[in-house]
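J.: below is the sequence, then the predicted model.
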Amino acid sequence: MLNSAMLAAVMSDSAVHGQVVHGWAKFRRDARAFMDVLDDYGFDIGHYHISVFNAAKMVLVVVAMFMIARLGSRIARHLFSRMTSLDSAQQVLGEKLVSLAVWVFAFLLGIDLLGISLTALTVFSGAFGLAIGFGLQKTFGNLIAGIILLMDRSIKPGDVIAVNDGKGSSFGQVRKIGIRAVSVATRDNREYLIPNENLMTSQVENWSYSSREVSIQIPVGIAYGSDIDLAERLMLEAARGANRVLTDRPPGVLLSAFGPNSIDMVIVCWIGDPEEGVGNVRSEVLKRVWHLFRENGIEIPYPQQDVSLKDSEGLRRLADALAARHAGRDPR
């Protein structure tokens, strides 16, 4: 009885397997027939046959290679971002090099899947090189410049550099070094996209190249007759009380000039986080200086001019005329 049941089960499995094999063979025949029909709709150019099937195959291969390259770039970005032993510049450089290699591999794999011989591309190498030389010169120049910037680490993500916005020089923090441009964000949340080649060929002011410590110079004027030593002590006290001013590099006060209206002095202090801005530090120090000066009787002068008139006959006649007019009588 048991042998009969086992035999029936084996026969049932064989029948199911035969149906699957038959169905798969039928599907392959139908698919082949469908592809032959699509291949019939086309035309010949020389030794090449261009058909609907070839066009669909090309589109599928291009889309698949593009997706594979994008996926490989994302995986490389994720892996390098988790490598804490590398600094930000080395992480970005490794990510760019691996992404470039992935795109080259996807391009070559796509050519192989499409059945295009690399020797056939030599016919178009001259025209392709000419197109790169004229149409893509800036693009490849910016790509190479970005890689060089990352290799020599002259500019890296997180650096604070000076940016010329057309009206003057403002500073910003480097957010990203891309294939074409460097993204620099300023304190007012404006983002500048500077081509990599411009940063290679022009002078760049990097506030955090070798050190993140930046000095701030704050001019202050006091009235003539004020106690300079007291004013200096008060300015040093105001600078030391600011939150972001460094304590290991004490601030200083310099007497810069004897101006026409005031004694010009300069407070020099240091900060270690230039990406947070310098205007707020200058404002805090000046507010403290104002309150300390008022509490201690140090006067901050305002612009004024003294006019001296020399005695002359014309000046006397003018004074007599004004006096007569004021008295309400004719000066003549």
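T.: Everything's here; your move. Residues are numbered from 1 along each chain as shown.
J.: how about the strands of the chain, start to end?
T.: 42-45, 48-51, 160-164, 169-177, 181-186, 191-195, 214-222, 252-258, 263-271 (DSSP state E).
J.: got the buried residues for the last one?
T.: Going by neighbour count (16 or more other Cβ atoms under 10 Å), the buried part of strand 263-271 is 263, 264, 265, 267, 269, 270, 271. (C-beta placed from N, C-alpha, C; glycine too.)
J.: the third one now?
T.: Within strand 160-164, the residues that count as buried by 16+ other Cβ under 10 Å are 160, 161, 163.
J.: the first one and residue 297, how far apart?
T.: This means residue 160. Distance from residue 160 to residue 297, counting by Cβ to Cβ, to the nearest Å: 39 Å.
J.: check the last one too.
T.: Between residue 163 and residue 297 the distance is 43 Å, computed by Cβ to Cβ.
J.: how long is stretch 170-184 end to end?
T.: One end of stretch 170-184 sits 11 Å from the other (Cα to Cα, to the nearest Å).
J.: now it, how far from the centre of its chain.
T.: Relative to its chain's centre, stretch 170-184 lies at 2 Å (Cα atoms, centre = their mean, to the nearest Å).
J.: also stretch 226-239?
T.: 41 Å.
J.: can you show me the helices along this protein?
T.: Taking DSSP state H, the helices of the chain run over residues 2-40, 52-81, 88-113, 125-134, 137-152, 196-201, 228-240, 279-296, 313-327.
J.: pick out the shakiest of those helices, pLDDT-wise.
T.: Among these, helix 2-40 has the lowest mean pLDDT, at a mean of 56.
J.: nearest spatial neighbour of residue 238, skipping sequence neighbours?
T.: Among residues not flanking residue 238 along the chain, residue 288 sits closest, at 3.5 Å (Cβ to Cβ, 6 or more residues apart in numbering).
J.: and that neighbour, how many neighbours?
T.: Neighbourhood size, residue 288 [other Cβ atoms under 10 Å]: 18.
J.: got the buried residues of strand 160-164 as JSON lines, with pLDDT columns?
T.: Shown next, in JSON lines, are these (pLDDT from 0 to 100):
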{"residue": "160", "pLDDT": "87"}
{"residue": "161", "pLDDT": "86"}
{"residue": "163", "pLDDT": "72"}
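J.: right, and out of those residues, which lies closest to residue 215?
T.: residue 160 (13.4 Å; Cβ to Cβ).
J.: so the closest one makes contact with residue 275?
T.: Yes - the pair residue 160 / residue 275 is scored as a contact, 5.2 Å apart, by Cβ atoms under 8 Å.
J.: so what's residue 231 up against?
T.: Contact analysis of residue 231 by Cβ atoms under 8 Å, 6 or more residues apart in numbering lists 222, 265, 293, 298.
J.: 10 Å instead, please
T.: Contacts for residue 231 (Cβ atoms under 10 Å, 6 or more residues apart in numbering) come out as 220, 222-223, 253, 255, 263, 265, 289, 292-293, 296, 298-300.
J.: same deal with residue 102?
T.: Neighbour list for residue 102: 68, 69, 70, 71, 72, 73, 74, 75, 76 [criterion: Cβ under 10 Å, 6+ apart].
J.: pick the one among these closest to residue 320.
T.: Looking across those and measuring by Cβ to Cβ, the closest to residue 320 is residue 73, at 91.3 Å.
J.: can you report how many residues lie near the closest one?
T.: Neighbourhood size, residue 73 [other Cβ under 10 Å]: 18.
J.: distance of it from residue 111?
T.: The value you get for residue 73 to residue 111, if Cβ to Cβ is used, is 19 Å.
J.: pLDDT below threshold where in the stretch 151-300 of the chain?
T.: 164-169 (pLDDT under 70).
J.: please redo it, this time with the cut-off set to 50
T.: Across the stretch 151-300 of the chain, nothing is flagged by pLDDT under 50.
J.: how's the chain carved up into domains?
T.: 13-115, 154-201, 214-296 (automatic domain parsing).
J.: let's have those domains in a markdown table, adding distance to residue 307.
T.: Output for the domains of the chain, formatted as a markdown table (distance: least, Cβ to Cβ, whole Å):
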| stretch | distance to residue 307 |
| --- | --- |
| domain 13-115 | 61 |
| domain 154-201 | 36 |
| domain 214-296 | 14 |
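J.: about what we covered before: mutual contacts of residue 160 and residue 275, please.
T.: 171, 172, 173, 174, 207, 208, 212, 214.
J.: count of neighbours near the second one?
T.: What it means is residue 172. Neighbours around residue 172, by other Cβ under 10 Å: 22.
J.: for the third one, same thing?
T.: Neighbourhood size, residue 173 [other Cβ under 10 Å]: 19.
J.: how about it: what's its closest non-neighbour residue?
T.: Spatial nearest neighbour of residue 173, excluding adjacent residues (Cβ to Cβ, 6+ apart): residue 275 at 4.5 Å.
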